[in-house]
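S.K.: quick one: sequence plus predicted model below, questions after.
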Amino acid sequence: MLYPELELKLDETKKALHKANRDNIVEECKRYLTLLEEYRIRLYDLPSAPGDQQVNIPDRKAVREAIETTIRERNSTQVLLLSFTTVSGYEAVEIFNDRKYQGHDDWELRASGVKFHGADTLDLMTIQEAVQLASVLRREDYVARNAV
């Protein structure tokens, strides 16, 4: 272990992310990303960081592997976070149709909003409402998949 306390904190935060619910998963992603960034910066500051010619090979290899793992974790967590926070109107419609939201699989995106076929104006959602709801549904789906 290169930074035992920080690595323990990273492990705890990663576990919290995997146990997160739809209401706190965005915050857990952000917490994990913050710690990953701190860890990556510390790894680069080590004298055995890649490119340092005065270090023995096993130390350099361990640091390089830790950096690569940290970058992979950061990238996958960023993609996960983006999937929760950047839902388009088209994606919202796709999510509603896949889930048969409110018993309908014929949701469509219109200039006036999102609705299912044959809906009246009371059933019309603004695009912003649809995107926010789809974001919640996507988080629910992710949490449910990871709970298994």
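M.R.: Everything's here; your move. Residues are numbered from 1 along each chain as shown.
S.K.: mind checking how far the helix or strand bottoming out on mean pLDDT in the chain is from the chain centre?
M.R.: Of the helices and strands making up the chain, the lowest-confidence element is helix 57-85, at a mean of 90, by mean pLDDT, DSSP states H and E. Mean-position distance between helix 57-85 and its chain equals 14 Å (C-alpha atoms, centre = their mean, to the nearest Å).
S.K.: please name every helix or strand in contact with the helix or strand that that helix is followed by.
M.R.: Downstream of helix 57-85, the first helix or strand assigned by DSSP states H and E is helix 89-99. In this structure, helix 89-99 packs against strand 107-110, strand 113-116, helix 127-147, with contacts taken as 3 or more C-beta pairs under 8 Å, 6 or more residues apart in numbering; DSSP states H and E. (C-beta placed from N, C-alpha, C; glycine too.)
S.K.: what mean pLDDT does helix 89-99 get?
M.R.: Helix 89-99 comes out with an average pLDDT of 97.
S.K.: how about stretch 41-52?
M.R.: Mean pLDDT, stretch 41-52: 71.
S.K.: which strands or helices does the least confident helix or strand of the chain pack on?
M.R.: Counting by 3+ C-beta pairs under 8 Å, 6+ apart, helix 57-85 packs on helix 25-45, helix 127-147.
S.K.: go again using 6 Å as the cut-off
M.R.: Packing partners of helix 57-85 (3 or more C-beta pairs under 6 Å, 6 or more residues apart in numbering; DSSP states H and E): helix 25-45.
S.K.: got the buried residues for the helix it packs on?
M.R.: Using 16 or more other C-beta atoms under 10 Å as the burial criterion, the residues of helix 25-45 that qualify are Ile25, Val26, Glu28, Cys29, Arg31, Tyr32, Leu33, Leu35, Leu36, Tyr39, Arg40, Leu43.
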